[in-house]
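Trainee: Below are the sequence and a predicted model for it; my questions follow.
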Amino acid sequence: MTNSNARRPLAGITPMVCLSLSLVAAHVQASAVTLTFAPGDQLNLAISNTNPNMIVVPGDRVVNISSAAGMLTDKKNTKAGAVFFSSPSDNSKPFTFFVETELGQVFSVNAAPRKGEGRSYRLMPATQTARPLAKAWESALPYESMLIDLNRALMQGVMPEGYGPATIDKELPLSASGLYATPDAAWVGNALRVVRYKLANPLSVPVALREQDFWQPGTRAVMVNPRYNRLIGGASTYLYVTRTQERADGQR
C-alpha cells in the first residue's frame, strides 16, 4: 500500500461538466436538508415539479433511482455520486421512487411534488454497511501502522480510500480535566469509526492537555490536532477519537 493509492482527494471536474452542473444546481435550494435512513426505510420528501432536485448519500454513490413510468424525468448522476432528477410539472400527486447505492443500500421515497425551487437532500445511513475498499485499506498494514496512517490522513484532511462521512446524531459530548469536547463530524471505514470533536477550555486558567484522558472502552486511537501541551482559557482545538464499530450485519 502506498500513500498515493491509499488516499484520494476530490476528483477534478472538467469546465464543461462544471458549467452543466452549475446550471442544474442553480435551481436547487442552496442548503441541503440532512436526514438519516435505515435499510429499507421509506422517507417522506417534498420535491419540486418545476425545478431539478438532488439527492446525495455521503460516502456512497447513488447508482439508480426508479419509479413508475413517467414519474421521474431528466435523471443525471454526478461524478461525486449525487443524482439530479425532475418530476413532470403537470403532476402534483404523491408517488414513490426507489434509490439504490453502490454499497448496496436501498430505500424508498414517498415524494410530494409541488411548485418551487428544487429540493436538495443529504441522506445519511443510520447503520453502517460493509465497505470493501476501506476493508482492504485497513488490512493492508499492521494494525498499529494503519492507525498511524489514519491519523496522518486526518491531519491532512484527505480520508483513506473507501471512508465516508457519517452522522453524529448519537454521539455524546466528552469531558475530562475541565475540558469539554463537542461532536463536530464523523467518518466511517469498514471496522473503524472516527469522530472529530471541538475541544474547548471553558475555564479561565490553562489546562494540561492529555490525550489519554479521553480514552474509553473500544477506543483505538486518540489524537489532538493542532497539538498543545496546555490549552489556555477560552481556547479550542480538535480531538479525533477512533473506535471500532459494529455494522448492521453484526460484524466488526
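Mentor: That came in fine, so what should we check first? Numbers count the residues shown, from 1 in each chain.
Trainee: For the rest of this, base every contact and every neighbour count on C-alpha atoms.
Mentor: Noted.
Trainee: Let me see the ranges of the helices in the chain.
Mentor: If you assign secondary structure with DSSP state H, the helices in the chain sit at 3-6, 15-25, 132-139, 143-156.
Trainee: check contacts around the most far-flung residue of the chain relative to its centre.
Mentor: Ranking residues of the chain by C-alpha distance from their mean position (CA atoms, centre = their mean) puts residue 205 at the top, at 35.9 Å. Taking CA atoms under 8 Å, 6 or more residues apart in numbering as the definition of contact, the neighbours of residue 205 are 232, 233.
Trainee: again, but for residue 165
Mentor: When the contact criterion is CA under 8 Å, 6+ apart, the partners of residue 165 are 58, 59, 185, 186, 187, 188.
Trainee: Quickly note the distance from the fifth one to residue 112.
Mentor: Put plainly, it is residue 187. When CA to CA, to the nearest Å is the yardstick, residue 187 and residue 112 sit 31 Å from each other.
Trainee: Next up, the contacts around residue 162.
Mentor: Applying CA under 8 Å, 6+ apart, the residues contacting residue 162 are 59, 131, 132, 133, 134, 135, 137, 189.
Trainee: Need phi/psi at the closest residue to the fourth one other than its chain neighbours.
Mentor: What it means is residue 133. Excluding its sequence neighbours, the residue lying closest to residue 133 (CA to CA, 6 or more residues apart in numbering) is residue 162, at 4.7 Å. The phi and psi values for residue 162, taken as degrees, to the nearest 10, are phi 90, psi -10.
Trainee: Model confidence for residue 162, exactly?
Mentor: Residue 162 is assigned a predicted lDDT (pLDDT) of 91.
Trainee: Next: residue 6.
Mentor: At residue 6, the pLDDT recorded in the model is 45.
Trainee: Could you pull up the mean pLDDT of stretch 84-97?
Mentor: Per-residue confidence for stretch 84-97 averages out to 94 on the pLDDT scale.
Trainee: repeat for stretch 118-135
Mentor: pLDDT averaged over stretch 118-135 gives 91.
Trainee: list the buried ones in that stretch?
Mentor: Taking 16 or more other CA atoms under 10 Å as the neighbour-count basis, stretch 118-135 is seen to contain the buried residues 118-126, 128-131, 134-135.
Trainee: swap in stretch 193-204?
Mentor: For stretch 193-204, by 16+ other CA under 10 Å, it's 193, 194, 195, 196, 197, 198, 199, 200, 201, 202.
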